[in-house]
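Enquirer: Next comes the sequence, and after it the predicted model I'd like to discuss.
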Amino acid sequence: MKNELLFKQISEIIEKKSILNHPFYQYWQAGKLQKEELREYMKQYYHFENAFPRFISGVHTNCADDQMRQVMLRELIGEEEETTNHVKQLITFSEALGLSKEDLLNSEANANTSEAIKIFLELAQDKDINNGLAAMATYKEQIAKVAVTKEEGLKAYYGIEDDQALQFFRTHAKRNIAWHELLDKNINEKEYSTALSAVNSLCDAWWHYLDGVTTESMKMLSN
């Protein structure tokens, strides 16, 4: 990639603000979550995952480069039309936790989840597509690391080992660099600061989202 400095800076921000350091994930990794807390997390995550195609569409809408749009379209199809799209995979996992599809569909996004979705949409729909590309690349890089630890914790502490139930996390554990490549193609050095601001905003929004499912006892464990 020609913008190696930019991606080094993005990785540094992600490492500094890694959600693996958030009390909720530390609780998960320690096997201290109750299944009801996991269920509430999945209800909130459903709303985020259900909104994800709109994030892609936002960047796609403002992109003038037809070849870049074709890559985005393939990403969007993977989210929307494939037989085992990500929302369907999430529903399958949630059922293994004791949540029905109706439980997810009828749930309400809390204030933190709604705010995180709003921030991601604003970045994705920005006329400067570097903001959306940077947000997407940041999310994909961070979520790949998190998905691996999630699966490990689910197997070790919650007895969930069914391949279909875990497919959602295995899908996200595969590092997707399509958005890194699009950002690399589109950005120049003078635009780094704006893109890095978007990276910080996305990381902060995701941390805020997790605050919404974190109890005081989880915060005490992490201290």
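Expert: Sure thing, it's come through.
Enquirer: can we go C-alpha only for contacts and neighbour counts from here?
Expert: OK.
Enquirer: which stretches of this protein have low pLDDT?
Expert: Within the chain, the segments meeting pLDDT under 70 span 220-223.
Enquirer: show me where it has helices.
Expert: Ranges of helices in the chain, per DSSP state H, are 4-16, 23-29, 35-61, 66-80, 86-96, 101-105, 111-124, 129-158, 163-173, 178-186, 192-211, 216-222.
Enquirer: buried stuff in the longest one?
Expert: Pointing back at helix 129-158 there. 129-154, 158 (16 or more other CA atoms under 10 Å).
Enquirer: That one to helix 35-61, inter-axis angle?
Expert: Orientation note: helix 129-158 sits at an angle of 160 degrees relative to helix 35-61 (axes from the mean of the first three to the mean of the last three CA atoms, to 10 degrees).
Enquirer: pull the CA atoms of stretch 5-13 into PDB?
Expert: Extracted as PDB, the C-alpha positions of stretch 5-13 are listed here (Å, rounded to 0.1, in the frame of the first residue of the first chain):
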ATOM      1  CA  LEU A   5       2.200   5.800   7.200                       C
ATOM      2  CA  LEU A   6      -1.600   6.400   7.400                       C
ATOM      3  CA  PHE A   7      -2.400   2.700   8.100                       C
ATOM      4  CA  LYS A   8       0.300   2.600  10.700                       C
ATOM      5  CA  GLN A   9      -1.300   5.600  12.400                       C
ATOM      6  CA  ILE A  10      -4.800   3.900  12.100                       C
ATOM      7  CA  SER A  11      -3.500   0.700  13.700                       C
ATOM      8  CA  GLU A  12      -1.900   2.800  16.500                       C
ATOM      9  CA  ILE A  13      -5.300   4.500  17.300                       C
END
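Enquirer: residues in contact with it?
Expert: With contacts defined as CA atoms under 8 Å, 6 or more residues apart in numbering, stretch 5-13 is touched by Thr138, Tyr192, Leu196, Val199, Asn200.
Enquirer: Relative to its centre, which residue of the protein is most distant?
Expert: Going by CA atoms, centre = their mean, the residue of the chain most distant from its centre is Lys190, 27.4 Å out.
Enquirer: where's it relative to Asn50, distance?
Expert: In this view, Lys190 and Asn50 are 34 Å apart by CA to CA, to the nearest Å.
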